[in-house]
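*Asks:* coordinates for the following, if possible.
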Amino acid sequence: MLKIDNLHAEIDGKKILDGLTLEVNAGEVHAIMGPNGAGKSTLAYVLGGRPGYEVTAGSVEFIGPKGQKLNLLSLEPHERAAAGLFLGFQYPVEIPGVSNVQFLREALNAQRKARGEEPLSGGEFLKLAKDKAGLLKLDMDMLKRNVNVGFSGGEKKRAEMVQMGILDPAFAVLDETDSGLDIDALRVVGEGIEAIMRAPGKGVLLITHYQRLLDYVKPDKVHILARGRIVTTGGPELAQRLEAEGYEEVAA
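*Replies:* Numbering: from 1, shown residues only. The predicted structure is shown next:
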């Protein structure tokens with residue numbers, strides 16, 4: 001579903017990704033772990049199409065929800081989103097003056113239009129939003145507030161997972177979604193990811209520093225990213241080994 005081959009990328013002339021190769025099949029959840037500065041967030045930004053990141057070599061093939069093969073790197077960020085790619089940020093941004101409900105309805109209907117689908121009415125959208133907010137234990141009153149303004153770290157992450165549930169992407173790249181979460185919020189977010197994205201036609205690339213999120217989001221494979229490329233791949237036990245031994249031993 002997502003095939004990354006020999007990907008090289010840099011920012012401001014500094015090489016970050018150095019020959020990264022990775023493949024995630026439909027129905028799979030893959031976790032990426034690695035030390036600070038290894039290139040985990042850079043990988044997420046490159047896949048999402050963030051400006052400033054230059055791909056100097058390699059390719060990324062993405063299979064959209066209708067089975068079409070796409071050259072992901074040739075698409076603009078909004079085209080990637082319309083094709084079914086979702087990027088979850090480590091630090092979700094605040095958007096003063098724009099309510100969550102307004103933002104999410106416009107985003108969803110823009111994607112539906114790009115796919116040739118009819119827009120949802122106000123009533124249809126509110127029903128969908130209420131359902132997804134309930135899944136993440138987020139009060140609907142929170143969705144009436146401005147996007148992330150005045151939200152705690154945990155509320156921002158839960159609101160972002162509600163956004164993912166509403167947009168219903170084919171593939172999610174989640175950059176340190178567990179960052180800033182307490183124990184209860186971690187469980188809610190982890191279970192939400194499983195409920196929304198664990199399906200035969202979907203895939204997840206979950207970037208995390210710690211094994212704790214993987215207690216709730218069960219990965220099919222765990223990859224260790226170091227020095228700009230994947231250096232070790234294994235099952236869930238690899239994350240447990242990493243927790244016990246540290247990066248120096250596992251990613252040597």
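
*Asks:* ranges for the helices of this structure?
*Replies:* Using DSSP state H, the helices assigned to the chain run over residues 40-48, 77-82, 100-114, 122-135, 140-143, 153-167, 183-197, 236-245, 247-250.

*Asks:* reformat these as a markdown table; add mean pLDDT.
*Replies:* What follows is those, written out as a markdown table (pLDDT from 0 to 100):
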| stretch | mean pLDDT |
| --- | --- |
| helix 40-48 | 94 |
| helix 77-82 | 91 |
| helix 100-114 | 91 |
| helix 122-135 | 92 |
| helix 140-143 | 86 |
| helix 153-167 | 89 |
| helix 183-197 | 90 |
| helix 236-245 | 87 |
| helix 247-250 | 73 |
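
*Asks:* in TSV, list these along with mean neighbour count and distance to residue 220.
*Replies:* Glycine gets a C-beta too; all of them are placed from N, C-alpha and C. As requested, those are exported to TSV (neighbours: other Cβ atoms under 10 Å; distance: least, Cβ to Cβ, whole Å):
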stretch	mean neighbour count	distance to residue 220
helix 40-48	22	18
helix 77-82	17	23
helix 100-114	17	27
helix 122-135	15	22
helix 140-143	16	32
helix 153-167	22	19
helix 183-197	19	12
helix 236-245	16	8
helix 247-250	14	19
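
*Asks:* any chance of CSV for those helices, columns distance to residue 1?
*Replies:* Formatted as CSV, the helices of the chain follow (distance: least, Cβ to Cβ, whole Å):
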stretch, distance to residue 1
helix 40-48, 12
helix 77-82, 14
helix 100-114, 18
helix 122-135, 23
helix 140-143, 30
helix 153-167, 16
helix 183-197, 12
helix 236-245, 20
helix 247-250, 27
